[in-house]
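# build the 3D model from these lines:
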Amino acid sequence: MQEKFGDKLETRIHTLDSEEAKQYTFKSPTHVLFENEWVPLKVALDKTKMEAFLNERL
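I've put the predicted structure just below:
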């Protein structure tokens with residue numbers, strides 16, 4: 001996704017114990033947020049669905 005959207009998208013990965021993650025109540029180990037909006041895993045894990053999601057928001 002970073003290659004497709006370039007400067008419009010900044011990807012950051014944090015662990016559950018990171019300072020950035022402490023403000024959220026995560027109930028499982030995998031979560032995707034976009035501008036503080038939860039992205040359903042069925043969207044985040046599917047390239048076509050994630051591209052559509054990002055196209056609508058960028």
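# what are the ranges of the helices in the protein?
2-5, 41-44, 47-57 (DSSP state H).
# which of those helices sits closest to Phe26?
helix 41-44 (12.4 Å; Cβ to Cβ). Quick note: C-beta positions are derived from backbone N, CA and C, even for glycine.
# what sits up against that closest one?
Here helix 41-44 makes contact (Cβ atoms under 8 Å, 6 or more residues apart in numbering) with 30, 32, 49-50, 53.
# ok, now how distant is the spatially closest residue to Lys49 that is not a sequence neighbour from His31?
Nearest residue to Lys49, sequence neighbours excluded (Cβ to Cβ, 6 or more residues apart in numbering): Val43, at 4.5 Å. Val43 sits at a distance of 12 Å from His31 (criterion: Cβ to Cβ, to the nearest Å).
# please apply the same query to Glu56.
Counting by Cβ to Cβ, the gap from Glu56 to His31 is 20 Å.
# who's more crowded, these two?
His31 (15 against 7; other Cβ atoms under 10 Å).
# these two touch, right, the more buried one and Trp38?
Yes - checked against Cβ atoms under 8 Å, the pair His31 and Trp38 is within contact range at 7.1 Å.
# burial measure for Phe53, as a count.
Neighbour count of Phe53, defined by other Cβ under 10 Å: 19.
# which pLDDT does the model give it?
For Phe53, the model assigns a pLDDT of 94.
# nearest spatial neighbour of it, skipping sequence neighbours?
Take Phe53 and drop its neighbours on the chain: the residue closest to it by Cβ to Cβ, 6+ apart is Val43, 5.3 Å away.
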